[in-house]
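Trainee: Provided below are the primary sequence and the corresponding predicted coordinates.
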Amino acid sequence: MQTVWDDFPPDEQAQVDRRTFETHFRPRAEKILKSPENEVYVAEDTAGRFLGYTIVGPATSMLSPVPFGFVYDVWVSPEARRQGVATALLDHAIAWCRKQGLMSLKLEVGARNAAARGLYASAGFDEERVSLGKAL
């Protein structure tokens, strides 16, 4: 929950308290997690310690009927970052998409999350659309 909150734009954070945000977010996340269309991959070390996870599923956009894979979330524990865990999780998501016959994989990332943006760029993800916002 902290990672999602941290990626929430500051102007929107100022408009809603954390509890209200979580009340809004949790049922939507649960729906994604429980969908039989989606896959959750968990990374563990050789001792079985949790290192991270990713959630991937099929999607379409309002602009096109062509389906694609969508990464709903990637998270790696702080002590396991920069050790290839996220790359391995993305590789599993890519393999899943190929197995489903999907021709592309998309995701969203917070504009201020430089580390994640660097990871995704190094994995071959390019900007397709840019979401802009303005506080009023």
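Mentor: Cool, got the structure.
Trainee: ok, which stretches of the protein are strands?
Mentor: With DSSP state E applied, the chain shows strands at 39-44, 50-59, 68-76, 105-107, listed in chain order.
Trainee: Select, out of those, the one closest to Met1.
Mentor: strand 68-76 (10.6 Å; CB to CB). Heads up, the C-betas are built off the backbone N, CA and C, glycines and all.
Trainee: What residues sit buried inside the closest one?
Mentor: By 16 or more other CB atoms under 10 Å, the buried positions in strand 68-76 come out as 69-76.
Trainee: For it, list the C-alpha coordinates in PDB.
Mentor: The C-alpha trace of strand 68-76 is given here as PDB (Å, rounded to 0.1, in the frame of the first residue of the first chain):
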ATOM      1  CA  PHE A  68      -2.200  -6.400 -24.900                       C
ATOM      2  CA  GLY A  69      -0.700  -7.600 -21.600                       C
ATOM      3  CA  PHE A  70      -0.800  -5.100 -18.800                       C
ATOM      4  CA  VAL A  71       1.500  -5.100 -15.700                       C
ATOM      5  CA  TYR A  72      -0.700  -4.000 -12.800                       C
ATOM      6  CA  ASP A  73       2.100  -3.900 -10.400                       C
ATOM      7  CA  VAL A  74       5.800  -4.800  -9.800                       C
ATOM      8  CA  TRP A  75       7.200  -4.600  -6.300                       C
ATOM      9  CA  VAL A  76      10.600  -5.800  -5.000                       C
END
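Trainee: can you offset everything so residue one is 32?
Mentor: New numbering, starting at 32: the last item is strand 99-107.
Trainee: how many neighbours does Ile86 have?
Mentor: Using other CB atoms under 10 Å, Ile86 has 20 neighbouring residues.
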